[in-house]
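Trainee: Below are the sequence and a predicted model for it; my questions follow.
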Amino acid sequence: MRILLVEDEPLAQDRIKSIIEHHFPSWTIHSAVQSIKELREELKSPDAFDIILCDIHLADGLSFKAFEGREIAHPVVFITAYDQYALQSFDHNCIDYVLKPIDENRLVLACQKAEKLCISNSGLNLNSRLIDRLISHYNSKSYKKRFLVKVGNKFSFISSDKIAYFYSEEGFTYVVEIGSSSRYMIDHSLQELQDNLLDPQQFYRVNRSIIINLDGLMEIKPYLNGRLVLSLNARSEAAIVVARERVSEFKNWINQ
């Protein structure tokens with residue numbers, strides 16, 4: 001199998017390649033592209049590859065733009081940090097939708113599905129129950145609206161939209177309110193917040209230790225080694241810095 005890999009994050013690209021090499025040693029990466037422009041050029045030679053593994057947010061926009069007006073016959077597996085494009089992806093021959101951070105087993109299953117379609121040459125007739133299940137899931141999905149915190153000797157609630165950022169320190173997770181200088185401990189890890197509880201259009205994990213709220217963001221400045229430093233409408237004892245490998249995706253996120 002020949003793979004057209006569309007991914008503009010070096011770390012994500014390396015991880016996908018590593019998973020492919022480990023589980024599908026006979027497969028080859030025909031080409032690895034990072035922009036809509038490069039993807040459009042590759043799609044002009046459809047006989048050069050068999051399967052497309054494709055990120056959605058690229059440096060110059062959504063990869064969907066490259067597919068518009070084209071008849072795509074290849075199985076496409078979309079790989080993205082954003083779940084809101086799942087239904088739209090099925091307009092572009094999507095056979096599976098893998099969320100970041102990439103789970104190895106999940107990507108392997110998607111690739112196996114794509115391989116079966118190529119071998120059987122059965123076309124991309126999707127199971128209607130799968131589509132119905134996706135529609136139900138994404139139409140009904142809701143995010144956490146408030147968090148229980150302890151204030152002195154009593155408990156209180158903080159609305160999600162009032163939180164400037166979440167951060168972890170020594171194994172504990174804290175929230176800081178917009179316009180506040182106080183922090184409150186909560187019973188959720190950053191990974192749990194990112195994966196299940198926070199709206200990805202509103203909250204973004206800028207590095208391993210911090211998730212910010214778009215509404216609390218006030219200023220963005222260049223920082224050391226290609227990173228960005230953020231000013232939020234809340235107190236922060238240390239600089240809030242966007243990790244270098246997340247800068248491209250972060251810029252796409254704030255321009256959504």
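Mentor: Structure received.
Trainee: List the residues that contact Asn233.
Mentor: 164, 178-179, 216-218 (C-beta atoms under 8 Å, 6 or more residues apart in numbering). In short, each C-beta sits where N, CA and C put it, glycine included.
Trainee: Between the two ends of stretch 188-203, what distance do you get?
Mentor: End-to-end distance of stretch 188-203: 15 Å, with C-alpha to C-alpha, to the nearest Å as the criterion.
Trainee: Can you tell me what sits against it?
Mentor: Under C-beta under 8 Å, 6+ apart, the answer for stretch 188-203 is 81-84, 143-144, 147, 160-161, 166-168, 173, 205, 208-215, 256.
Trainee: Buried subset of the residues you listed, written for PyMOL?
Mentor: A single PyMOL command selects the buried members of the contacts of stretch 188-203 (16 or more other C-beta atoms under 10 Å):
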select buried, resi 81+82+147+160+166+167+168+173+205+209+210+211+212+213
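Trainee: now, which of the contacts of stretch 188-203 lie within helices?
Mentor: Assignment to helices by DSSP state H places none of the contacts of stretch 188-203 there.
Trainee: how deep is Val242 tucked in, by neighbour count?
Mentor: Val242 has 24 neighbours, counted by other C-beta atoms under 10 Å.
Trainee: typo on my end, Gln202
Mentor: 15.
Trainee: Can you pull the domain assignment for the chain?
Mentor: 2-140, 146-254 (automatic domain parsing).
Trainee: Rank the contacts of Asn233 by pLDDT and give me only the lowest.
Mentor: Within the contacts of Asn233, pLDDT reaches its minimum at Gly179, with 87.
Trainee: So for the residue lying closest to that one once chain neighbours are set aside, what's the pLDDT?
Mentor: Spatial nearest neighbour of Gly179, chain neighbours left out: Asn233 (5.7 Å); criterion: C-beta to C-beta, 6 or more residues apart in numbering. Listed pLDDT for Asn233 reads 91.
Trainee: now Asn233: how far from Phe49?
Mentor: 47 Å (C-beta to C-beta, to the nearest Å).
Trainee: ditto for Asn93
Mentor: 13 Å.
Trainee: How much space separates Val149 from Ser209?
Mentor: 19 Å.
Trainee: Please list all residues in contact with the closest residue to Ser35 other than its chain neighbours.
Mentor: Distances taken as C-beta to C-beta, 6+ apart place Asp60 nearest to Ser35, at 4.9 Å, with adjacent residues excluded. The neighbourhood of Asp60, defined by C-beta under 8 Å, 6+ apart, consists of 35-37.
Trainee: now with 10 Å?
Mentor: 8, 34-39, 66, 252 (C-beta atoms under 10 Å, 6 or more residues apart in numbering).
Trainee: The helix or strand harbouring Ile3 - what's its average pLDDT?
Mentor: If you go by DSSP states H and E, Ile3 is part of strand 2-6. The average pLDDT within strand 2-6 is 96.
Trainee: do the same with stretch 30-48
Mentor: 93.
Trainee: Of all the residues in that stretch, which ones are buried?
Mentor: 30-36, 38-39, 42-43.
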